[in-house]
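[1] sharing a model prediction with you, sequence too.
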Amino acid sequence: MLVCETKAALRAAIGEMRRRTGGSVAFVPTMGALHDGHLELVRRAKAENAHVVASIFVNPTQFGPNEDFATYPRDPEGDMALLREAGVEAVFLPQVSEIYPEGSETFVDTRVLSRILVGRLRPGHFRGVATVVTKLFNIVGPDRAYFGEKDYQQLQMIRRMVADLDMPLEIVGVPTVRESDGLAMSSRNLRLTPEDRSAAVVLSRSLDEAARRVAEGPVTASALRRLVLGVLESETRGEVQSVDVRDAADLSALRGEIARPAVILIAVRFGKVLLIDQRVVGERAVAWQEAAE
Ligand code: PAF
C-alpha cells in the first residue's frame, strides 16, 4: 500500500493506477480511528471497483472551537495496518498545511442541509465537511466515493452538493455497521465510560421500537417522535439532544401521518461524547434505500 503525504504524490499514484488498468477508482475518506464501519466501506468499494484509495485526515474545519479536535482519537499506524489488510492500494495522509495552506479562504457550503438538525447543534460543522470533501474529491478524482449511512445528514448533504456542483462521481451510501448489542460503530464509542457504553444501547433500541411501531400501521411523525423520545429518556445517563422524523431524501419536516419514507435521526450526549444514530422507516423504506445506493 502506497502512503502519500502530498497531493502531488497521491495524484501521481492514482494516475499510474488509471494508466495501468483503466479500471474505476473508489475513494473512502476517513478521519482515522478506524473500526469495522470504515472497513465495511472499503469492502464495498473493493467489491465494486478496480482500485481503492483511502484518506486519513482529521479535518480541523469541521470542529467547533469547543469541540474535540485536539482529543479526537488518532492511531495512524494501526489505521494503516487495517487499510493495508483490507486491500486499499493507496492512502492519503496529509498534514493540515497540505490541505489548508496559508492564505486559504474558500469554503463550500449548502444553504439548508448544513444548518438544520446536527448543523444547529454544531454550527459550521457541515461547511467544514463540504469543504474538505470537495478538496479531497478534487485531489483524488474518484469514480465513486463511499460514505456510511450512520452520518445520514452528512451523506444527504454530500449527495446534494455533488448534484448541485456537477461533480463527476457517484456517491455510495453504505448501511451502518453495529456492535453485537446494536450500538452503531463510531470512533467516539472508544471515549465512553463502561457505564455509558452499556447505557448507549438505548439509541438503537429506540429506533427498533419505532420501526416496529411503523410496521404495525399508520402513525404520525409527531407520535413516532414522542415514542423515540420516551425510550431515550428512560435511560437517564444520556442527555437527549435531538429527535427528528424527517423526509428520508431531503430531510424536510414531515407533518401528519407518515406517507413516504422517513428517517428518524437521534443525537444523545453521554458526558462529553455526542452519539448519533438513524433509521429509515416507512412503506417503501427498503426500496428507497436500494434506489439511493
Ligand atoms: O465522516 C467523516 O469521517 C468525515 O466527516 C469526512 C467525510 C472524512 C470528512 O472529514
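    Everything's here; your move.
[2] hey, let's count contacts and neighbours off CA atoms from now on
    Noted.
[3] and the residue lying closest to Arg159 once chain neighbours are set aside, what does it touch?
    Ranked by CA to CA, 6 or more residues apart in numbering and with sequence neighbours excluded, the top spatial neighbour of Arg159 is Ile171, at 6.4 Å. The contact partners of Ile171, by CA atoms under 8 Å, 6 or more residues apart in numbering, come to Arg144, Ala145, Tyr146, Phe147, Ile158, Arg159, Glu293.
[4] was I right about the first one contacting Pro168?
    No. Taking CA atoms under 8 Å as the definition, Arg144 is not a contact partner of Pro168, at 9.0 Å.
[5] between those two, who's got more neighbours?
    Set Arg144 next to Pro168 and count neighbours by other CA atoms under 10 Å: Arg144 wins out with 20 against 13.
[6] distance check, Ile264 against the ligand.
    19 Å (CA to the nearest ligand atom, to the nearest Å).
[7] distance of that residue from Lys7?
    Using CA to CA, to the nearest Å, Ile264 is found at 38 Å from Lys7.
[8] which of these two has more neighbours?
    Each of Ile264 and Lys7 has its neighbours counted (other CA under 10 Å); Ile264 has more, 25 against 18.
[9] in three-state terms, label the more buried one for me.
    At Ile264 the chain is in strand, as set by DSSP: H, G, I helix; E, B strand; the rest coil.
[10] shouldn't it be in contact with Val245?
    Yes. With contact defined as CA under 8 Å, Ile264 counts as touching Val245 (4.5 Å).
[11] overlap in contacts of those two?
    Arg225.
[12] where exactly do the helices run in the stretch 51-200 of the chain?
    Along the stretch 51-200 of the chain, the segments classed as helices by DSSP state H, counting those that start in this stretch run 76-86, 96-99, 118-121, 125-140, 152-164, 194-199.
[13] this structure against the ligand: which residues are in contact?
    Contact residues, the chain versus the ligand (CA under 6 Å from any ligand atom): Pro29, Thr30, Met31, Asn59, Val129, Val133.
[14] the residue lying closest to Asp247 once chain neighbours are set aside: neighbour count?
    Spatially, and ignoring its direct neighbours in sequence, Asp247 is nearest to Ala262 (4.7 Å; CA to CA, 6+ apart). Using other CA under 10 Å, Ala262 is surrounded by 27 other residues.
[15] next one: the one 4 residues further on
    When neighbours are defined as other CA under 10 Å, Ile266 has 26 of them.
[16] quickly list what it is bridged to.
    Note on Ile266: beta-bridge partners by DSSP bridges are Val243, Asp277.
[17] that one and Arg279: what is the separation?
    From Ile266 to Arg279 the distance is 9 Å (CA to CA).
[18] likewise Gly37?
    Gly37 is 16 Å from Arg279, by CA to CA.
[19] cool, Val112 as well?
    21 Å.
[20] of the two, who's got more company?
    Arg279 (23 against 13).
[21] and the host helix or strand of the more buried one, what other elements does it pack with?
    Assessed by DSSP states H and E, Arg279 sits inside strand 273-281. Applying 3 or more CA pairs under 8 Å, 6 or more residues apart in numbering; DSSP states H and E, we find strand 273-281 packed against helix 202-216, strand 262-270.
[22] most tightly surrounded among these?
    strand 262-270 (a mean of 23; mean count of other CA atoms under 10 Å).
[23] ok, residues contacting that one?
    So strand 262-270 is in contact with 192, 196, 200, 203, 207, 225, 237-249, 251, 274-282, 285, going by CA under 8 Å, 6+ apart.
[24] do the same with stretch 41-53
    By CA under 8 Å, 6+ apart, stretch 41-53 touches 17, 21, 23-28, 86-92, 145-148, 174.
[25] give me the buried subset of those residues.
    Buried members of those, counted by 16 or more other CA atoms under 10 Å: 17, 25-28, 87-92, 145-148, 174.
[26] of those residues, closest to Val118?
    Comparing the buried ones among the contacts of stretch 41-53 against Val118 with CA to CA places Gly148 closest, at 15.9 Å.
[27] residues in contact with the one residue in the chain that gets nearest to the ligand?
    Proximity of the chain to the ligand (CA to the nearest ligand atom) peaks at Thr30, 3.8 Å away. Shown in contact with Thr30 (CA under 8 Å, 6+ apart): His38, Ala54, Ser55, Ile56, Phe57, Val58.
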